[in-house]
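**Q** here is a sequence with its predicted model. Questions after.
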There are 2 protein chains.
Amino acid sequence: MAALVERELRQSIPSPWAIPEPLRESMMYSLMAGGKRLRPILVLAAAEALGGSPEAAVPAALAVEMIHTYSLIHDDLPAMDNDDFRRGKPTNHKVYGEAMAILAGDALLTHAFFSVVQSARKHNIPADRVIDIVEELSRLSGAPGMVGGQAADMLGEQGVTKLEELEYIHLHKTSDLIVFSLKAGGRIAGAAEAQLAALERFGTCLGLAFQIQDDVLDLIGDESKLGKPVQSDVKQQKVTYPYFIGIEASIAKVGELTREAKEAILAADFPQPERLLELADYLMKRDH
Amino acid sequence: MAALVERELRQSIPSPWAIPEPLRESMMYSLMAGGKRLRPILVLAAAEALGGSPEAAVPAALAVEMIHTYSLIHDDLPAMDNDDFRRGKPTNHKVYGEAMAILAGDALLTHAFFSVVQSARKHNIPADRVIDIVEELSRLSGAPGMVGGQAADMLGEQGVTKLEELEYIHLHKTSDLIVFSLKAGGRIAGAAEAQLAALERFGTCLGLAFQIQDDVLDLIGDESKLGKPVQSDVKQQKVTYPYFIGIEASIAKVGELTREAKEAILAADFPQPERLLELADYLMKRDH
């Protein structure tokens, strides 16, 4: 599925469009910079779980990767996390300058909505279902979702974060876009309400587990596998799950959340849930 | 119509949403900072021209003002135009810091798509018409539209702009969002293809006239009426219409474009085109 995502991402900006070349390059630089492609794969896997065609879910899968990519570009800016490298490559603003990086992020964010609409255009997904997906994308990636999580994270670093505030940050910064991915794939394949609720539960647990695992790997992971320096949270005085409850309890929490996620899927009636369940296990066991 | 827009903008972020307070404040600070509200008024006026209810066009009107506002916030950032004041008030990043200003811009951009979808939800606009509006908003405000215009403007300042490149900049940086506004209002009121084409022609001419008028006012306008220093384009070595063809020819061009815009509307079959025509005249005669 990752290969399909790579191929489609490469063609995701219509080539006849007249776009200033440095802007197009800057967008594609970050969009094609690799990574696990977790979110688009979750879109396709959720459609597959319902017995739907992954093809029809591709536009929504590309959309969520565009949102994820824009958030990384803006996050890396000097005014935000001020990161010079990501996945071993110079960050967008180090290559194209800050102004172009801001614009490339804005353009990718905007283009995500164009991509979602292509579900209706190319794959005959009913318009009202696409409207639901647009609404959910704007909510879960916007102020009450991912951007709200980023803002809380930034404010939290300044001092007074409690465990419940950390949960708010993880829930919105990470889980919301994962929940969107799963429900969008589900909606495209015609999921019933109970199935959408199960996908939401699965995504919320998975997103939280994913984030706690990130925190744990930052403490005890292998730098060469992670492709980034460890202990960065400690150095930046970031509050994390291990900071509050310790490493062992954090590892146990990842296991619990993964079980809870899989149970939500198993309790609902999915014809082909295998890949979703495998993804949950893979994420729990990952070392990078 | 401006009063309706102000009132609705104030309520445009659902109050039950859990959003970090500084993010909500930063979004509202710029959204409620005044201005002509030209774009939302054009949405409503286009719906009215077709005999449609302006009420149903309100969600799209708010959306376009959110897009316009986010573009100003990001434009004012130190990495872009580095402006400390806008409309006599400190710019967003001067009040909330750069990181929050970037996030507030991202959140407003994202929220625009939420607002458009409310046309379908609250006003029973058919879903396929709303899909068309979402697609057009993403195209005209994204890489092949407004963001592309911004990028070209930024690159152009660095030296080698020709008149045709300046036209590209004006067309995308300014006209595209005005064209979107008019066609969105038209679509919501059920415009036929010929009427949408007339609105597009009207918007393209009006946007270009608006931008040339801006350039002219920057040279010969009254600082107290404009609320900003004049001659800033010269100081920043920006290329403008007057730079290429002189002030008198620029003023004549504004008049020509305004006539052309009005003719496009008069040639199509609009039951109530009066307000649209008045807006064209008002923009030509404005001194701020």
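**A** Thanks, I have the structure now. Please read these numbers as outputs of a predicted model, since none were measured by experiment.

**Q** just the mean pLDDT for stretch A:107-124, thanks.
**A** Model confidence over stretch A:107-124, given as mean pLDDT, is 93.

**Q** so it, near chain B or not?
**A** Yes - Stretch A:107-124 reaches chain B (C-beta under 8 Å from any C-beta of the partner chain) through A:107, A:109-114, A:116-117, A:120-121. Bear in mind the C-beta positions are built from the backbone N, C-alpha and C, glycine included.

**Q** out of the residues you listed, flag the one nearest to residue B:287.
**A** For the residues of stretch A:107-124 next to chain B, the minimum distance to residue B:287 (C-beta to C-beta) is 33.3 Å, reached by residue A:110.

**Q** can you map out the strands along the stretch 51-200 of chain A?
**A** Under the criterion DSSP state E, counting those that start in this stretch, strands of the stretch 51-200 of chain A are mapped to A:85-86, A:89-90.

**Q** now the closest residue to chain B within the stretch 151-288 of chain A: how far from residue B:63?
**A** Proximity to chain B, evaluated over the stretch 151-288 of chain A using C-beta to the nearest C-beta, is greatest for residue A:151 at 4.1 Å. In this structure, residue A:151 and residue B:63 are 21 Å apart, going by C-beta to C-beta, to the nearest Å.

**Q** so those two - more neighbours on which side?
**A** Using other C-beta atoms under 10 Å in any protein chain shown as the criterion, residue A:151 and residue B:63 rank with residue B:63 on top: 31 against 27.

**Q** deepest in the core, which of the strands of the stretch 51-200 of chain A is it.
**A** For these, average neighbour numbers computed from mean count of other C-beta atoms under 10 Å in any protein chain shown are highest in strand A:85-86, which has a mean of 17.

**Q** show the subsequent helix or strand relative to the lengthiest helix in chain A.
**A** If you go by DSSP state H, chain A has its longest helix at helix A:193-220. Using DSSP states H and E, the helix or strand that directly follows helix A:193-220 along the chain is helix A:223-226.

**Q** pull the residues that contact that next one.
**A** With contacts defined as C-beta atoms under 8 Å, 6 or more residues apart in numbering or on different chains, helix A:223-226 is touched by A:217-218, A:229-230, A:287-288.

**Q** list the buried ones in that helix?
**A** For helix A:223-226, burial by neighbour count (16 or more other C-beta atoms under 10 Å in any protein chain shown) applies to no residue.

**Q** can you check stretch A:212-230 too?
**A** For stretch A:212-230, the neighbour count (16+ other C-beta under 10 Å) marks A:212-219, A:221, A:228 as buried.

**Q** coming back round to it: say whether chain B is contacted by the longest helix of chain A.
**A** No - shown here: helix A:193-220 not in contact with chain B (C-beta under 8 Å from any C-beta), separated by at least 14.9 Å.

**Q** show me what contacts the residue of the stretch 151-288 of chain A closest to chain B?
**A** Shown in contact with residue A:151 (C-beta under 8 Å, 6+ apart): B:19-20, B:22-23, B:100, B:103.

**Q** show the model's pLDDT score for it.
**A** Note on residue A:151: pLDDT of 96.

**Q** what ranges do the helices span in the stretch 1-150 of chain A?
**A** A:2-10, A:21-31, A:38-49, A:54-76, A:92-96, A:98-123, A:127-141, A:146-157 (DSSP state H, counting those that start in this stretch).

**Q** which residues touch the first one?
**A** So the one you mean is helix A:2-10. Taking C-beta under 8 Å, 6+ apart as the rule, helix A:2-10 contacts A:28, A:31-32, A:36-37, A:40-41, A:44, A:54, A:58, A:61-62, A:65.

**Q** repeat the analysis, applying 10 Å as the threshold.
**A** If you take C-beta atoms under 10 Å, 6 or more residues apart in numbering or on different chains as the criterion, helix A:2-10 is touched by A:12, A:28, A:31-32, A:34-41, A:43-44, A:54-55, A:58-59, A:61-62, A:65-66, A:69, A:115.

**Q** buried residues in that helix?
**A** Within helix A:2-10, the residues that qualify as buried are A:4-5, A:8-9, counting by 16+ other C-beta under 10 Å.

**Q** what's the answer for the second one, then?
**A** When neighbours are counted by 16+ other C-beta under 10 Å, the buried residues of helix A:21-31 are found to be A:22-24, A:26-31.

**Q** one step back: could you dump the contacts of residue A:151 into JSON lines and include distance to residue B:165?
**A** Converted to JSON lines, the contacts of residue A:151 look like this (distance: C-beta to C-beta, whole Å):
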{"residue": "B:19", "distance to residue B:165": "40"}
{"residue": "B:20", "distance to residue B:165": "41"}
{"residue": "B:22", "distance to residue B:165": "39"}
{"residue": "B:23", "distance to residue B:165": "37"}
{"residue": "B:100", "distance to residue B:165": "34"}
{"residue": "B:103", "distance to residue B:165": "32"}
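
**Q** restrict these to those near chain A?
**A** Intersecting those with the surroundings of chain A, defined as C-beta under 10 Å from any C-beta of the partner chain, gives B:19-20, B:22-23, B:100, B:103.

**Q** rebuild the residues you listed as TSV, extending it with pLDDT and distance to residue B:251.
**A** Below are the ones next to chain A among the contacts of residue A:151 laid out as TSV (pLDDT from 0 to 100; distance: C-beta to C-beta, whole Å):
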residue	pLDDT	distance to residue B:251
B:19	96	46
B:20	96	48
B:22	97	45
B:23	98	43
B:100	98	41
B:103	98	41
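
**Q** these: which two are farthest apart?
**A** B:19 and B:100 (12.2 Å).

**Q** neighbour count winner among these two?
**A** For residue B:19 versus residue B:100, the count of surrounding residues by other C-beta under 10 Å is larger for residue B:100: 26 against 22.

**Q** contacting residues for the residue lying closest to that one once chain neighbours are set aside?
**A** What sits nearest to residue B:100 in space, not counting adjacent residues and going by C-beta to C-beta, 6 or more residues apart in numbering or on different chains, is residue B:26, at 5.0 Å. Contacts for residue B:26 were tallied using C-beta under 10 Å, 6+ apart; they are A:143, A:151, B:20, B:73, B:92-93, B:95-97, B:100-105, B:107-108.

**Q** now the angle between helix A:193-220 and the helix or strand containing residue A:263, please.
**A** When elements are defined using DSSP H and E, residue A:263 is found to belong to helix A:247-267. Here the directions of helix A:247-267 and helix A:193-220 differ by 160 degrees (axes from the mean of the first three to the mean of the last three C-alpha atoms, to 10 degrees).

**Q** run the angle between the helix or strand following helix A:247-267 and helix A:247-267 for me.
**A** Next along the chain after helix A:247-267, taking DSSP H and E as the criterion, comes helix A:274-285. Our comparison of helix A:274-285 with helix A:247-267, counting by the same axes, to 10 degrees, yields an angle of 180 degrees.

**Q** next, the angle from helix A:274-285 to helix A:38-49.
**A** Calculated by the same axes, to 10 degrees, helix A:274-285 forms an angle of 150 degrees with helix A:38-49.

**Q** quick one: buried residues of helix A:274-285?
**A** The neighbour-count criterion (16+ other C-beta under 10 Å) identifies A:275-277, A:279-280, A:283-284 as the buried residues of helix A:274-285.
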